[in-house]
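with the input below, show me the fold.
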Amino acid sequence: MRRAKPVFAAILSGLMALPAFAQTQSITLPNHGGFFSGFVDPYRPHTVPQISFEDSPRIEKLVRAGNIYLSLRDAIALALENNLDIETARLQPKLSIANLQRAYAGQLLRNVSTSIASGPSSASLGVLAGANALGTTSSGGGSSNSGVLSGLNVQLAGSAIPNLDPTLFVQGQFNHQTQILTSTVVTGTTSLVTQYKTLVYGIQEGYWTGTNVALYTSSVLGYNQNAPNNLFNPYDSASLGLQITQNLLNGFGLAVNKRALRQAKNNLKVSDLTFKQQVIATVANVVNLYWDLVSFNDELKVKKQTMELDAKLYEDNKRRADLGAIAPIDIIQAEAEMKAAQQDVVTQESQVLQQELILKSVLTRSGLENMVIAGAHIVPTDHIEVPAQEAVIPVQDLMSEALRSRPEIEQNQISLENARLSMLGTKNNLLPSLTATASFSNSGQAGQVNSIPQAIYNPVNRQILGYRQLTTADVNGFFLGGYGTALKQVFSRNFPTYSVGFTLNIPIRNRAAQADLITDEFNYRQSQIQDRQLRNNIKLNVLNAYTALREARAAYDTAVEARRLQDQTLAGNRRKYELGTATILDVVIAQRDDTTRQLQEVDSRDQLQRARTNLQQVLGRVLETFNVSLDEAKAGTVGREPDMIPAVLDKQ
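Numbers count the residues shown, from 1 in each chain. You can find the predicted model right below:
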């Protein structure tokens with residue numbers, strides 16, 4: 001049985017020192033190769049890949065003869081590949097993974113940003129309209145604090161979470177000490193000189209149960225003194241100890257100690273939902289920007305057509321004036337209308353150019369550094385198609401769909417879960433601190449017979465009669481040997497020591513813990529209110545978006561009919577003018593009204609399309625409507641090839 005004891009002790013200490021002693025990590029660090037890489041890699045900085053600001057090849061495939069022939073599908077694909085807001089959102093899940101690794105180590109969580117960029121607004125008429133539009137962004141709710149200690153609000157309130165990463169500690173020391181003695185009775189010398197070396201090393205780790213385990217060994221090597229009365233000089237000593245500390249009240253339990261880990265896993269889901277929100281917001285923004293560009297081009301066509309008609313009217317009036325059929329004032333009025341139409345065309349061309357720049361800034365990474373892309377005009381290949389009638393869906397069904405599909409609903413549920421997890425820690429922190437401790441250690445000591453001769457004293461007057469050399473017969477042979485003998489005694493458990501105890505700390509008033517719990521409970525109530533507000537707002541937004549779509553459809557139908565009637569009115573006034581029964585003023589007014597009606601039709605068609613997109617965004621079905629793959633958005637690469645350039649546009 002005594003032979004099995006040192007073997008058992010050696011196996012126990014070996015198992016405790018194995019890498020399996022550590023907790024399983026959530027992230028595997030890259031291996032740099034080499035024999036010692038497994039030991040060195042945790043202490044090397046592991047840099048993340050650099051962000052590429054090169055645009056995807058897709059945009060170059062769409063350029064031809066100084067124009068970018070762009071379909072809506074390609075615009076969305078370019079945004080998924082190049083948009084910097086989406087690229088920023090791609091990093092959020094990775095940040096949450098790093099946060100998860102901190103939770104596996106039992107460390108404080110760092111907040112991860114959940115802000116959403118809505119993207120720039122479309123250009124408006126005016127000198128500074130483009131600059132204002134390019135700088136217009138908004139962000140959704142969420143904390144953007146990413147400071148080093150930003151996770152304090154997550155874990156400081158509540159019972160402490162154990163440090164789960166094993167820690168290896170080593171301490172070595174060389175000592176030389178000289179002590180002045182006024183008596184030689186004990187040591188046999190008036191100045192005691194001591195020299196020795198110490199080495200302490202071990203490993204300790206915490207566990208989810210609130211347990212802390214430490215395995216350590218302490219050695220004293222070459223303990224040497226100039227004292228002739230010592231039996232052993234020099235000698236070595238060693239000890240092997242195991243200490244276990246267990247929280248029994250405050251800090252006890254898997255649910256309490258794993259709350260930050262569960263929060264980190266929840267935050268990883270929140271980051272995925274935030275990324276989905278960003279993709280939805282960016283796609284909706286690109287769709288609106290694209291259709292606005294289409295509408296601006298249509299308005300430009302209307303204004304160019306008006307300019308051509310005014311120019312034709314001006315030329316006709318000049319010929320009539322030369323023939324004496326009309327007064328010269330009619331020529332001046334026609335020329336004024338022509339100049340005003342030319343100014344409208346120039347202003348509209350500026351708006352189209354500004355809209356192109358805004359759209360390019362959303363669809364590219366390098367912005368306008370590439371002069372080929374910066375100087376190219378965007379030619380939309382798609383046009384707004386208005387169905388004969390809008391689909392009729394009950395509003396209650398739309399509200400139910402929005403509550404099922406909107407990522408914000410799931411995000412709020414996760415936030416409520418995190419708030420409940422935080423209260424686990426604050427509730428547990430109300431308990432007193434009761435810690436049980438068990439310590440087990442084995443010691444050993446061995447050395448050589450003291451080679452310094454001992455003095456022989458006269459027992460009467462304490463005079464030195466002579467000196468004698470110690471031999472092995474004068475000492476216990478069990479302690480003869482070196483450091484190996486001391487280790488043998490340790491593993492043979494010849495000198496065991498045991499201790500078991502507890503520590504109890506009871507805060508008398510416990511006001512801080514009570515305040516923390518009350519704060520967490522009120523925060524949870526606020527989160528519940530915000531969740532209800534979100535649901536109410538979503539229902540209200542669905543109702544408003546549905547109403548706006550109906551109003552936009554009615555406005556469009558009215559604008560189409562008004563434009564048709566105004567076309568007939570203009571044609572009639574021109575005929576009357578040719579017959580001499582109407583004045584040039586009648587034609588000018590009819591022409592202005594017709595242009596206004598055409599522009600109103602274009603604008604109402606654009607507003608109808610915006611109302612559709614807004615309803616799809618409110619319902620949370622943008623990705624499905626435009627066939628956007630979330631996996632492709634995460635990868636930043638769209639698998640399909642760019643759309644073919646239509647033959648008619650290619651010839652143009």
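
which stretches of the stretch 501-650 of the chain have low pLDDT?
647-650 (pLDDT under 70).

now the strands for it?
Taking DSSP state E, counting those that start in this stretch as the criterion, the stretch 501-650 of the chain carries no strands.

ranges for the helices of it?
Counting by DSSP state H, counting those that start in this stretch, one finds helices in the stretch 501-650 of the chain at the ranges 511-579, 584-619, 622-625, 630-635, 647-651.

remind me which residues of the chain are low pLDDT?
1-38, 125-156, 325-326, 458, 460-462, 464-465, 647-652.

which residue is nearest the centroid of it?
Gln92 (2.4 Å; Cα atoms, centre = their mean).

quick one: it is in a strand?
No - under DSSP: H, G, I helix; E, B strand; the rest coil, Gln92 falls outside any strand and is assigned helix.

ok, back up a step: so which of the helices of the stretch 501-650 of the chain is nearest Ile378?
helix 647-651 (11.8 Å; Cβ to Cβ). (C-beta placed from N, C-alpha, C; glycine too.)

just the helices in the stretch 351-500 of the chain please.
Using DSSP H, counting those that start in this stretch, helices in the stretch 351-500 of the chain cover 371-375, 395-405, 407-428, 483-491.

for the stretch 51-200 of the chain, same thing?
58-61, 72-82, 84-104, 129-134, 152-155.

so which of those is nearest Asn297?
Nearest to Asn297, of the helices of the stretch 51-200 of the chain and by Cβ to Cβ, is helix 72-82 at 13.9 Å.

from the chain's centroid, how far away is that closest one?
23 Å (Cα atoms, centre = their mean, to the nearest Å).

show me the contact partners of that helix.
55-56, 58-59, 62, 86, 279, 282-283, 286-287, 290-291, 359, 362-365, 380, 382, 626-628, 632-633, 636-638, 640, 642-643 (Cβ atoms under 8 Å, 6 or more residues apart in numbering).

return a PyMOL selection command for the buried portion of these.
Selecting only the buried entries of the contacts of helix 72-82 in PyMOL, with 16 or more other Cβ atoms under 10 Å as the criterion:
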select buried, resi 55+56+58+59+62+86+279+282+283+286+287+290+291+359+362+363+364+365+380+382+626+628+632+633+638+642+643
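
helix, strand or coil for the closest residue to Pro166 other than its chain neighbours?
Sequence neighbours aside, Glu205 is the residue nearest to Pro166 in space, at 4.0 Å (criterion: Cβ to Cβ, 6 or more residues apart in numbering). State at Glu205, reduced to three classes by three-state DSSP: strand.

chain center to stretch 442-449, what's the gap?
With Cα atoms, centre = their mean as the basis, stretch 442-449 stands 58 Å off its chain's centre.

mind giving me CSV with the helices of the stretch 51-200 of the chain and columns for distance to Lys539?
Shown next, in CSV, are the helices of the stretch 51-200 of the chain (distance: least, Cβ to Cβ, whole Å):
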stretch, distance to Lys539
helix 58-61, 39
helix 72-82, 28
helix 84-104, 27
helix 129-134, 31
helix 152-155, 31
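
compare the ones you listed and give me the one nearest Gln445.
helix 84-104 (41.9 Å).

could you check the angle that closest one makes with helix 72-82?
40 degrees (axes from the mean of the first three to the mean of the last three Cα atoms, to 10 degrees).

for helix 84-104, packing partners?
helix 259-323 (3 or more Cβ pairs under 8 Å, 6 or more residues apart in numbering; DSSP states H and E).

what about 10 Å?
Where contact means 3 or more Cβ pairs under 10 Å, 6 or more residues apart in numbering; DSSP states H and E, helix 84-104 is packed against helix 72-82, helix 152-155, helix 259-323, helix 328-363, helix 630-635.

can you tell me which of those helices is packed in deepest?
Looking across the helices and strands packed on helix 84-104 with neighbours counted as mean count of other Cβ atoms under 10 Å, the highest average goes to helix 72-82: a mean of 23.

name the nearest residue to Ser405, ignoring sequence neighbours.
Going by Cβ to Cβ, 6+ apart, Ser405 has Gly620 as its nearest residue, at 3.3 Å.

I'd say the one you found and Leu273 touch.
No - contact status for Gly620 versus Leu273: not in contact, 11.0 Å apart, counting by Cβ atoms under 10 Å.

quickly list what's touching both of these two.
406-409 (Cβ atoms under 10 Å, 6 or more residues apart in numbering).

and those as JSON lines, adding distance to Val587?
Converted to JSON lines, the shared contacts of Gly620 and Leu273 look like this (distance: Cβ to Cβ, whole Å):
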{"residue": "Arg406", "distance to Val587": "54"}
{"residue": "Pro407", "distance to Val587": "56"}
{"residue": "Glu408", "distance to Val587": "56"}
{"residue": "Ile409", "distance to Val587": "58"}
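
out of the residues you listed, who's nearest Ile538?
Closest to Ile538 out of the shared contacts of Gly620 and Leu273 is Arg406 (6.0 Å), distances taken as Cβ to Cβ.

returning to that earlier point: as JSON lines, the helices and strands packed on helix 84-104 with distance to Val386 would be great.
Output for the helices and strands packed on helix 84-104, formatted as JSON lines (distance: least, Cβ to Cβ, whole Å):
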{"stretch": "helix 72-82", "distance to Val386": "15"}
{"stretch": "helix 152-155", "distance to Val386": "51"}
{"stretch": "helix 259-323", "distance to Val386": "12"}
{"stretch": "helix 328-363", "distance to Val386": "21"}
{"stretch": "helix 630-635", "distance to Val386": "29"}
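
which parts of stretch 93-104 are buried?
93, 95-96, 99-104.

span of stretch 477-492 from start to end?
17 Å (Cα to Cα, to the nearest Å).

by neighbour count, which of the shared contacts of Gly620 and Leu273 wins?
For the shared contacts of Gly620 and Leu273, the largest number of neighbours (other Cβ atoms under 10 Å) sits with Arg406, at 24 neighbours.

ok, the residue lying closest to that residue once chain neighbours are set aside - contacts?
If the residues on either side of it in the chain are set aside, Arg406 comes closest to Gly620, at 4.3 Å by Cβ to Cβ, 6+ apart. Applying Cβ under 10 Å, 6+ apart, we find Gly620 in contact with 276-277, 280, 401-409, 538.

please tell me how far Gly620 sits from Leu534.
13 Å (Cβ to Cβ, to the nearest Å).

which neighbours do those two have in common?
With Cβ under 10 Å, 6+ apart as the test, Gly620 and Leu534 both reach 403, 406, 408-409.

and these as a markdown table, adding distance to Gln351?
What follows is these, written out as a markdown table (distance: Cβ to Cβ, whole Å):
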| residue | distance to Gln351 |
| --- | --- |
| Leu403 | 39 |
| Arg406 | 34 |
| Glu408 | 34 |
| Ile409 | 38 |
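
quick check: the farthest pair among those?
Leu403 and Glu408 (10.0 Å).

next, show the common contact partners of those two.
534-535, 538, 620.

list buried residues within those.
Buried, going by 16+ other Cβ under 10 Å: 534-535, 538, 620, out of those.
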